[in-house]
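Q: give me a 3D structure for the following:
(2 chains)
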Amino acid sequence: MNTIVLLALTGLGLAALYFLVASGLSLVFGLADVLNFAHGLFLGVGAYGTWWAAGNLPGAGPEGLGFVLAVAFGVAAGTLVAVLVELVLIRPLYSRTIEQVLVTVGLSLAGVALLQATWGADARPFPRPQWSRGVTGILGAQVPNGGLLLIVAAAVVLGALLAFLRWTRYGLIIRAGVENREMVTALGIDVRKAFTLVFAIGGAAAALAGALGGVYFGTVSPGQGGSLLIFAFIVVVIGGMGSVIGSAYAAVAVGLLQQFVNYYGASGVGDLCVVALLAVVLLLRPQGIAGKVAHA
Amino acid sequence: MTDSMVEAPAARVPDELTPHRRGWHGLRPYLPLAALAVAAVLPYSTLELPGIFEGPLNSPGTLQLLAVCLVFGGLAAGYDLLFGRTGMLSFGHALYFAAGVYGTDILVTRAGLPLWQAALLTITGGTILAGLLGAVALRTAGIAFAMVTLAFAQVGAILVARDFGGLTGGEEGLPLDVSGLPAGLVGVANTVNLYWLALAYLTLVVLVVHRVSGSPTGRVLAGLRDDERRVGVLGLDPYRFKLVAFTLAGGLAAGGGVVYCLIVGGASPHITSSELTLSLLVMVVLGGPGTRWGPVLGGVLYTYLDHRLTAFGASDAVESLPAFLSRPLSQPLFVLGTVFILAVYFFPGGLASLRSRLTPLARLLPTRRTS
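A: You can find the predicted model right below:
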């Protein structure tokens, strides 16, 4: 029983990480049709921004409020990079899907190399609050606090995103744009502002994932975003492109499956099961769990 | 002449770059043959090219670098069959290449098979693998296809990294056991044979791709790239044609893997990474997708730069720059990624389109002078 609770909660922690990366990816893809390979870069910027701020920014540090400030700085940096990427690199290429993919591919190569050039290729210890290293007893299982923090953060982000999509004007435009972009444009609404907005949201969520993932893993390295990104892509496809709630379901399924199979089977089999799940979903339901509709 | 001897297939470029001259067109069909001949006799030259290669042309180090460049040129040409000629954006091409490398390595080193059997089995296996996975992946199209192939390639990377059954050597890779290989392919002194092997592979891939794209099948593939629905309306099954292209490209990549395994003498896990597929994409786009020589040129240049930019980054000229410039410049991927982004914006046709882009300029210049 203890093991099952522990596995479920660590699996949910992993799912939270996937969701934070995948939600932005899914919205960006659903609305703007951009398959964003540079999303891993936003995650890296968030992680390194937090790491840098904790050491150098006055008032920020690895403990208490200072840590909140450091994470806020990292998220702000990630958001800024995402907005800049959208405005400068993606916007001139709208409606040319392949070129956009190519640009984000180039960006992911160059961006990760830039992080590596600046801070070295080796993993660096991440400044994390003392309490996040401890464990909490839940139903007899000793769950690491870093994972719980991720779950809480992902739940908050999910709630905030759903509320934003359901009750605000821009949320309405995004939902409508995912469903039928031409119609929204024809009604005289500038969808491009919404594009920038979803890039900002996606960048912020990915940067948060980078910062909290740093707390969870205890280290930060330039290549971290890349390996997470592939599983995030899988989550997006399984969940249905453009659906936040679909991404959440798919992330939970993928995270739990991976954690349980990796524990009870050989290490690595869980990752293979995830890909098998992807193949099954694609064969039975090619549009994903939720299809291409932004459900609020 | 010396310049054209540096990167062998680059010798085919001058016809793209030189202005039109009468009589030139009569020679053009023979240029690839001439380039091939130059590339084939290259190892007999003791020319020193300081700054471009570290040793003379026939030194083993230079020949090995050239051989790797040629293999990637062939690989890029094979990938172009998917991306440039059929319009399929596959992110999993590294899988079939890695299957070739690891297949040969495991069959020779672990199973102790002779090389020709191992190579034959590997290429057959790689082709079947591509056919099977393609049959599943091609049920999706466009971006979903890209993601599915990416996921399949990731399985390959996981399998290699987790080292099931101790077959692949995990993170450390698997050095090739050379004791059972033909003597002509072993040892530093025989690097030249590997170079010729790589050249033969490149020639084979270029011939196959050329032959396929000129055949009726190739015309259907081009039709799929331009308008898939229309091909369907004409009564042809897009799925089958795409599967043929996918399987063929996979088999060619597996063949490249066999050659690569011999050249570098083993397998290392980084060739399974999605980064390799992304670099293939970069090579094809830099060279010019859907053109005959563009992808080859892109592959050779990219690989050369990837290897040589490391030395360039460590050189004094770069070291003396301020840190915020010298550090990014010492990362080959930063330079190549930036060049790639610029190419997507300003040279959508890649290197192969340079001539058509420069012709208007060339025409403009004399008229300015006369007026």
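Q: give me the element the residue in chain A that chain B sits nearest to is part of.
A: In chain A, the residue that lies nearest chain B is A:Ala110 (2.8 Å; C-beta to the nearest C-beta). In short, each C-beta sits where N, CA and C put it, glycine included. Assigned by DSSP states H and E, A:Ala110 falls within helix A:97-119.
Q: still on that earlier bit, now the residue of chain A closest to chain B: how far from A:Thr50?
A: Distance, A:Ala110 to A:Thr50, using C-beta to C-beta, to the nearest Å: 22 Å.
Q: okay, those two: which has more neighbours?
A: More crowded of A:Ala110 and A:Thr50, by other C-beta atoms under 10 Å in any protein chain shown: A:Thr50, with 34 against 23.
Q: correct me, but the more buried one touches A:Leu208?
A: No. Using C-beta atoms under 8 Å, A:Thr50 is not in contact with A:Leu208; the gap is 9.3 Å.
Q: which residues do those two both contact?
A: Jointly contacting A:Thr50 and A:Leu208 under the rule C-beta atoms under 8 Å, 6 or more residues apart in numbering or on different chains are A:Val71, A:Gly74.
Q: A:Val220 contacts A:Ala47, correct?
A: Yes. A:Val220 is in contact with A:Ala47 according to C-beta under 8 Å; the separation is 4.6 Å.
Q: what residues are shared contacts of the two?
A: In contact with both A:Val220 and A:Ala47: A:Phe126, A:Gly210, A:Gly214, using C-beta under 8 Å, 6+ apart.
Q: let me see the contact set for the residue nearest to the last one when sequence neighbours are not counted.
A: Ranked by C-beta to C-beta, 6 or more residues apart in numbering or on different chains and with sequence neighbours excluded, the top spatial neighbour of A:Gly214 is A:Phe126, at 3.9 Å. Residues counted as contacts of A:Phe126 (C-beta under 8 Å, 6+ apart) are A:Ala47, A:Thr50, A:Trp51, A:Gly214, A:Val215, A:Phe217, A:Gly218, A:Thr219, A:Val220.
Q: can you select the buried ones from these in PyMOL?
A: In PyMOL, this line selects whichever of those come out buried by 16 or more other C-beta atoms under 10 Å in any protein chain shown:
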select buried, chain A and resi 47+50+51+214+215+217+220
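Q: so which of the contacts of A:Phe126 sit within helices?
A: A:Ala47, A:Thr50, A:Trp51, A:Gly214, A:Val215, A:Phe217 (DSSP state H).
Q: can you put the contacts of A:Phe126 in CSV and add pLDDT?
A: Listed next are those as CSV, based on pLDDT from 0 to 100:
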residue, pLDDT
A:Ala47, 89
A:Thr50, 88
A:Trp51, 88
A:Gly214, 85
A:Val215, 84
A:Phe217, 83
A:Gly218, 81
A:Thr219, 82
A:Val220, 84
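Q: for the helix holding A:Ala110, packing partners?
A: Judged by 3 or more C-beta pairs under 8 Å, 6 or more residues apart in numbering or on different chains; DSSP states H and E, helix A:97-119 is in contact with helix A:39-56, helix A:224-239, helix B:142-162, helix B:274-287, helix B:323-329, helix B:332-346.
Q: rank the ones you listed by pLDDT, which is bottom?
A: Looking at the helices and strands packed on helix A:97-119, the lowest mean pLDDT belongs to helix B:323-329 (a mean of 71).
Q: any residue of that helix touching chain A?
A: Yes. Contact between helix B:323-329 and chain A is present through B:Arg327, B:Pro328 (criterion: C-beta under 8 Å from any C-beta of the partner chain).
Q: may I have that helix exported as PDB, CA atoms only?
A: Written as PDB, here are the backbone C-alpha positions of helix B:323-329 (Å, rounded to 0.1, in the frame of the first residue of the first chain):
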ATOM      1  CA  ALA B 323      33.700  36.500 -23.500                       C
ATOM      2  CA  PHE B 324      30.200  37.200 -24.500                       C
ATOM      3  CA  LEU B 325      31.200  36.700 -28.100                       C
ATOM      4  CA  SER B 326      33.900  34.000 -27.800                       C
ATOM      5  CA  ARG B 327      31.800  31.600 -25.700                       C
ATOM      6  CA  PRO B 328      28.800  31.200 -28.000                       C
ATOM      7  CA  LEU B 329      31.200  31.100 -31.000                       C
END
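Q: just the helices in the stretch 1-150 of chain B please.
A: Assignment of helices within the stretch 1-150 of chain B using DSSP state H, counting those that start in this stretch yields the ranges B:2-6, B:14-17, B:24-27, B:31-41, B:60-83, B:93-109, B:115-137, B:142-162.
Q: contacting residues for B:Leu129?
A: Here B:Leu129 is in contact with B:Leu95, B:Tyr96, B:Ala99, B:Gly250, B:Ala254 (criterion: C-beta under 8 Å, 6+ apart).
Q: look up how far A:Asn56 lies from the third one.
A: This points to B:Ala99. B:Ala99 sits 46 Å away from A:Asn56, going by C-beta to C-beta.
Q: also B:His270?
A: 33 Å.
Q: neighbour count: those two, which is higher?
A: B:His270 (14 against 10).
Q: doesn't B:Leu276 make contact with the more buried one?
A: Yes. Look at B:His270 against B:Leu276 with C-beta under 8 Å: they come within range, at 7.5 Å.
Q: please identify the buried residues of the helix or strand hosting A:Ala200?
A: Taking DSSP H and E as the criterion, A:Ala200 maps to helix A:191-217. Neighbour-count burial for helix A:191-217, counted by 16+ other C-beta under 10 Å, picks out A:191, A:194-217.
Q: what of stretch B:233-250?
A: Quick answer for stretch B:233-250 (16+ other C-beta under 10 Å): B:Pro238, B:Phe241, B:Lys242, B:Leu243, B:Val244, B:Ala245, B:Phe246, B:Thr247, B:Leu248, B:Ala249, B:Gly250.
Q: in strands, which of those residues fall?
A: Residues of these located in strands (DSSP state E): none.
Q: please convert these to TSV, extending it with distance to chain A and pLDDT.
A: Below are the buried residues of stretch B:233-250 laid out as TSV (distance: C-beta to the nearest C-beta, whole Å; pLDDT from 0 to 100):
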residue	distance to chain A	pLDDT
B:Pro238	16	90
B:Phe241	20	92
B:Lys242	16	92
B:Leu243	16	93
B:Val244	21	92
B:Ala245	17	93
B:Phe246	16	94
B:Thr247	18	94
B:Leu248	22	94
B:Ala249	18	94
B:Gly250	17	94
